[in-house]
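Colleague: everything below, folded, please.
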Amino acid sequence: MIVTEGPLYTTQLQAGLGLVDETKELLDLWVAGMTASQLHQLALTSGRFPNVTARRLRNIVSECFAPRYLISNGAPAQCLKQLSGSIPAADLAQIMLIYTARANPILGDFIRTVFWPRYAGGYADITNDDARAFVERAIDDGKTSIRWSESTVRRISAYLTGCCADYGLLSGGSRSARRIHPLRISSVASAYLAYDLHLAGVGDNALLSHPDWQLFGLAKDDVLDELKRLSLKGHLIVQVAGDVVRISWKQSNMQELCDVLTQG
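Modeller: You can find the predicted model right below:
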């Protein structure tokens, strides 16, 4: 086994895939300062999840919602709550994808190393066998703490394609082969990601090559084009001199940016 650097892959994705609709409901219930346990109790008594068992709801909140959106004292949840209902649902889902891929490195790497190369290679679909090959290779490369069982490999492979379907990258339904739907990042999602990276301390030049952009199939030059489009919308100012990129940021924090994005 070859031990590789980077975060290890986990099976956490099996607790819930994209959960787009469930996330919207939980965002509506959540208020700043609320813990995952408190949110679970509120969701349980809210009547908004009549077909979800208490155990399943607990897993959704603690294993999916919390690792994605309650990090950094709930800052992501605060931003998404502010945006939810004010921006197109598809734009909100793209931002959810970013956080889900960060919380589940196996998903992010699958999108970057399997989905987009398949699309670039002219393939029309992605199969569970493609996902399975990716998972098995990851295990061989030491990206899991232990070797997963055959049943776990099979489940996680299906969860990867299912999660991609939830976020619009692949066709929906329960099937072994799904049609590829190349996702075009929206201006809302690109502005959100650019500011999120900047405020996290990523330098202007390093920002262009950040792996989060690759979730949307964007290389460095593509990201620069996106930033130039954002400049035309007044979100920022881009200056390019040779290989040096300098960005002037109009908003000083994510709340200010979200205020602007909700106004269209």
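Colleague: phi and psi next, for residue 86.
Modeller: phi -110, psi -20 (degrees, to the nearest 10).
Colleague: got a list of what the closest residue in space to it that isn't next to it in sequence touches?
Modeller: Take residue 86 and drop its neighbours on the chain: the residue closest to it by Cβ to Cβ, 6 or more residues apart in numbering is residue 262, 3.8 Å away. In this view, the C-beta of every residue, glycine as well, is placed from N, C-alpha and C. Contacts for residue 262 (Cβ atoms under 8 Å, 6 or more residues apart in numbering) come out as 82-83, 86-87.
Colleague: closest one of those residues to residue 52?
Modeller: Nearest to residue 52, judged by Cβ to Cβ, of the contacts of residue 262 is residue 83 at 24.4 Å.
Colleague: need the contact list for that closest one.
Modeller: Residue 83 is in contact with 91-92, 95, 188, 192, 258, 261-262, counting by Cβ under 8 Å, 6+ apart.
Colleague: now do the strands in the stretch 51-200 of the chain.
Modeller: Taking DSSP state E, counting those that start in this stretch, the strands of the stretch 51-200 of the chain run over residues 125-127, 177-179.
Colleague: now the nearest residue to residue 23 once chain neighbours are set aside: how far from residue 35?
Modeller: In this structure, residue 23 finds its nearest non-sequential neighbour in residue 96, 6.0 Å apart by Cβ to Cβ, 6+ apart. From residue 96 across to residue 35, the span is 21 Å (Cβ to Cβ, to the nearest Å).
Colleague: which one of those two has more residues nearby?
Modeller: residue 96 (24 against 14; other Cβ atoms under 10 Å).
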